[in-house]
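Q: Got a sequence here, can you model it:
(one chain, ligands or ions: 1)
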Amino acid sequence: MNSPINGFSRRRFLQSTGAASLLYTLAPIADAAMQSAPIRKAIPSSGEKLSVIGLGTSRTFDVDSSNAAQSPLVEVMQAFFDNGGQLIDSSPMYGSAEAVTGALLKTVTDNSGLFTATKVWTNGRNEGIEQMQQSMRRLRVDRIDLMQIHNLRDWQTHIETLLEWKAEGKIRYLGITTSHGRSHRELETILQQQPLDFVQFSYNIEDRGVERRLLPLAQERGIATLINRPYQRGSLFRKVRGKPLPTWATDIDCASWGQFFLKFIASHPGVTCIIPATSKLKHMVDNMAAGYGRLPEESTRQRMIEYLETL
Ligand SMILES: NC(=O)c1ccc[n+]([C@@H]2O[C@H](COP(=O)([O-])OP(=O)(O)OC[C@H]3O[C@@H](n4cnc5c(N)ncnc54)[C@H](OP(=O)(O)O)[C@@H]3O)[C@@H](O)[C@H]2O)c1
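A: Got it, this is the predicted structure:
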């Protein structure tokens, strides 16, 4: 018997999308684990809980927006919500990704759990306001849940606007982003001094630099974290191609390398939500499965790192 996830049986969804065979590529561990509720983590500044697996849109959603609603991405987006997904991260920097996300959201049967996150990526107060208004039009929403300053760009200007917008209810949370390990020193100072709800940076089993200062600092300051590049932009999969998962991966309900990588990240106590990007239904179902079942404890996390180093 399948328990419904967001009112929709996962098995029925996979069958309806012609992807029933995925059940068997993911089964039996992930399928069994997904009978439980998705893992959700609290945003420290409000206590609101978010599903630990979100969705990135860079490159994968930068496609022709005029026929997005007829594209295979419709099924990708539907699978995200059917499996308990909430947070979608975009940016005006990602070409047509915001407009494509907006079009796809209209095709989903139930997106009531949606949590929109996008970014401001320009210089100047008025330019920032115009860009954020444009993002709302492109995403087809009246309010953005989380507005982030992309790559620290003109952050001193935008943070004033974001605080005003939060007070006026135009956004619910504000944050700032970086990636690839860039600007960590400056980001640290900003986290120490500014009233941020969220910070976004890169973290994965291979690139663990943020464990030293940024993750503990975010915990200490009560700032939620969004994790980008969880698959090192896909390069982690090239590293493990043809290599077996360790037998003990079943102990943490892991049935694929994708789940192995995501569960490593999700198990860090400072992590709030991970935003892997995918253009494929099969990968979306795989990624969402990582948000269910058991997570590794500290000793297993070390074992995961060591195992990867032997490959
Ligand atoms: N400064 C910033 O603010 C910043 C910077 C970087 C990223 N980000 C955000 O973080 C998101 C994620 O980072 P990213 O897109 O750079 O990289 P990523 O999520 O680490 O990797 C994406 C790649 O992994 C592949 N993939 C996804 N799931 C898979 C699975 N289960 N099995 C095998 N392959 C899989 C995707 O290909 P398929 O399409 O074939 O699945 C895609 O090529 C971005 O989309 C963006 O929203 C923000």
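
Q: Glu168: how many residues sit nearby?
A: Neighbour count of Glu168, defined by other Cβ atoms under 10 Å: 8. Every residue, glycine included, has its C-beta placed from N, CA and C.

Q: ok and the residue in this structure nearest the ligand?
A: Gly56 (2.4 Å; Cβ to the nearest ligand atom).

Q: Disregarding residues adjacent in the polypeptide, which is nearest to that residue?
A: Ala277 (3.5 Å; Cβ to Cβ, 6 or more residues apart in numbering).

Q: who touches the one you found in this structure?
A: Ala277 makes contact with Leu55, Gly56, Thr57, Ser58, Arg59, Thr60, Phe61, according to Cβ atoms under 8 Å, 6 or more residues apart in numbering.

Q: my guess is the fifth one meets Ser91, correct?
A: No. Arg59 sits out of contact with Ser91 when judged by Cβ atoms under 8 Å, with a separation of 11.3 Å.

Q: Out of those two, name the residue with the larger neighbour count.
A: Ranked by neighbour count (other Cβ under 10 Å), Arg59 and Ser91 place Ser91 first, with 22 against 14.

Q: List, one by one, the residues from the chain near the ligand.
A: Neighbours of the ligand within the chain, by Cβ under 6 Å from any ligand atom: 56-58, 60, 89, 150-151, 177-179, 200, 228-234, 237, 258, 275-280, 283, 286-287.

Q: can I get the CA coordinates of stretch 164-178 in PDB?
A: C-alpha atoms of stretch 164-178 as PDB (Å, rounded to 0.1, in the frame of the first residue of the first chain):
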ATOM      1  CA  GLU A 164      11.900  47.600   3.700                       C
ATOM      2  CA  TRP A 165      10.200  45.000   1.500                       C
ATOM      3  CA  LYS A 166      10.200  42.500   4.300                       C
ATOM      4  CA  ALA A 167       8.600  45.000   6.600                       C
ATOM      5  CA  GLU A 168       6.000  45.800   3.900                       C
ATOM      6  CA  GLY A 169       5.300  42.000   3.400                       C
ATOM      7  CA  LYS A 170       6.500  42.000  -0.200                       C
ATOM      8  CA  ILE A 171       9.000  39.300   0.700                       C
ATOM      9  CA  ARG A 172       9.000  37.000   3.700                       C
ATOM     10  CA  TYR A 173      12.700  36.400   4.100                       C
ATOM     11  CA  LEU A 174      16.000  37.900   2.900                       C
ATOM     12  CA  GLY A 175      19.300  36.300   2.200                       C
ATOM     13  CA  ILE A 176      22.600  36.500   0.300                       C
ATOM     14  CA  THR A 177      24.400  34.000  -1.900                       C
ATOM     15  CA  THR A 178      27.800  32.900  -3.100                       C
END
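
Q: what's in contact with it?
A: In contact with stretch 164-178 (Cβ under 8 Å, 6+ apart) are residues 43, 45-46, 117, 119, 132, 143-152, 155, 159, 162-163, 184, 187, 190, 194, 196-202, 224, 226, 228.

Q: quick revisit: farthest-apart pair in the contacts of Ala277, please.
A: Leu55 and Arg59 (12.8 Å; Cβ to Cβ).

Q: returning to that earlier point: give the contact list for the residue of the chain closest to the ligand.
A: So Gly56 contacts Asp89, Asn228, Ile275, Pro276, Ala277 (Cβ under 8 Å, 6+ apart).

Q: Quickly note the distance from the closest residue to Arg140 other than its chain neighbours to Thr122.
A: The shortest distance from Arg140 to any non-neighbouring residue, by Cβ to Cβ, 6+ apart, is to Gly102 (4.0 Å). When distance is defined by Cβ to Cβ, to the nearest Å, Gly102 is 19 Å away from Thr122.

Q: Of the residues of the chain next to the ligand, which count as buried by neighbour count?
A: Buried residues within those, counting neighbours by 16 or more other Cβ atoms under 10 Å: 56-58, 60, 89, 150-151, 177-179, 200, 228-232, 258, 275-279, 283, 286-287.

Q: Mark which of those residues are part of strands, please.
A: Gly56, Asp89, Thr177, Gln200, Asn228 (DSSP state E).
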